[in-house]
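[1] mind folding the following:
(one chain, ligands or ions: 1)
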Amino acid sequence: MSLKHSYTLLAPLYDLIVNGPTAGMRRNSLRRLTGATDQTILVSGIGTGLDIPDLPAGPAYIGVDLTTAMLRRAQRRLRQRNDIQLHCGDVMYLPYADEQFDVILMHLILAVVPEPERALREAARVVRPGGRILVLDKFLRHGERAPVRRVLNNVIRHIATRTDVVLEPLLAQCPQLQLIEEIRLAPGGWFHQIELRKTE
Ligand SMILES: C[S@@+](CC[C@H](N)C(=O)[O-])C[C@H]1O[C@@H](n2cnc3c(N)ncnc32)[C@H](O)[C@@H]1O
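    As a prediction, this is how the structure comes out:
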């Protein structure tokens with residue numbers, strides 16, 4: 001089963017399963033957005049739009065996702081907002097020009113896609129020099145054995161998310177990205193809130 005198919009099936013249940021456990025960390029991550037009016041922000045893998053209520057007014061937003069059923073739910077969340085456009089697309093092959101965005105938001109997408117290194121390289125391509133990539137996701141520590149998550153990964157990577165992704169090899173593929181901040185969150189430091197900056 002492809003991720004597109006499984007997220008089509010998961011779409012009606014997604015908010016019920018994911019909103020509660022992620023709401024606090026999601027809000028903390030989004031506090032790093034300044035609301036500057038001259039910014040364009042890409043919300044990579046926007047899903048059902050759980051981030052939308054906490055996106056500050058001011059910037060122009062583009063949300064991209066592979067799954068129409070998830071985007072349909074995000075569309076319902078837009079309500080009065082006319083500052084967010086939704087696009088269907090693949091974050092590993094972004095349909096955008098180089099250096100087009102001031103900020104790329106990557107909440108629960110980098111460790112979801114089959115090739116996270118490609119998705120990060122694409123984000124690094126479309127963000128402007130000096131721009132930021134804000135990540136919230138699950139990463140194993142470098143050298144961490146994590147046998148349960150590595151075995152689970154063989155199945156769950158085809159349905160919902162990878163559980164074996166290590167951050168350091170991804171960053172090594174993008175030397176133009178500087179690690180500004182990395183905060184390990186519960187449970188047991190698996191979730192990370194990360195800020196990357198593209199060098200000028
Ligand atoms: C775990 S959900 C995260 C959604 C949202 N970012 C959030 O924080 O709730 C993963 C999302 O990634 C999307 N997705 C999976 N593979 C993708 C790809 N290659 N390109 C774009 N979106 C993808 C799925 O459709 C799903 O909406």
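[2] mind naming the longest strand for this structure?
    With residue count as the measure and DSSP state E as the assignment, the chain has strand 127-138 as its longest strand.
[3] so which bits of it are buried?
    Residues of strand 127-138 classed as buried: Val127, Arg128, Gly131, Arg132, Ile133, Leu134, Val135, Leu136, Asp137, Lys138 (neighbour count, 16 or more other C-beta atoms under 10 Å). Bear in mind the C-beta positions are built from the backbone N, C-alpha and C, glycine included.
[4] so what's the gap between the helix or strand that that strand is followed by and the chain middle?
    The first helix or strand that comes after strand 127-138 along the chain, using DSSP states H and E, is helix 147-156. Using C-alpha atoms, centre = their mean, to the nearest Å, the distance from the centre of helix 147-156 to the centre of the chain it belongs to is 21 Å.
[5] distance of the residue in the chain positioned nearest to the ligand from Ala60?
    Nearest to the ligand in the chain, going by C-beta to the nearest ligand atom, is Gly47, at a distance of 2.5 Å. Computed as C-beta to C-beta, to the nearest Å, the Gly47 to Ala60 distance reads 19 Å.
[6] tell me the contacts of the residue of the chain closest to the ligand?
    In this structure, Gly47 makes contact with Tyr7, Tyr14, Asp65, Thr67, Met70, Arg73, Ala74, Leu108, judged by C-beta atoms under 8 Å, 6 or more residues apart in numbering.
[7] distance of Tyr96 from Gln39?
    From Tyr96 across to Gln39, the span is 15 Å (C-beta to C-beta).
[8] how about the helices in this structure?
    For the chain, the helices defined by DSSP state H occupy 3-30, 68-78, 116-126, 147-156, 167-172.
[9] would JSON lines of those helices with mean neighbour count and mean pLDDT be doable?
    Listed next are the helices of the chain as JSON lines, based on neighbours: other C-beta atoms under 10 Å; pLDDT from 0 to 100:
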{"stretch": "helix 3-30", "mean neighbour count": "15", "mean pLDDT": "97"}
{"stretch": "helix 68-78", "mean neighbour count": "17", "mean pLDDT": "97"}
{"stretch": "helix 116-126", "mean neighbour count": "21", "mean pLDDT": "98"}
{"stretch": "helix 147-156", "mean neighbour count": "13", "mean pLDDT": "92"}
{"stretch": "helix 167-172", "mean neighbour count": "15", "mean pLDDT": "96"}
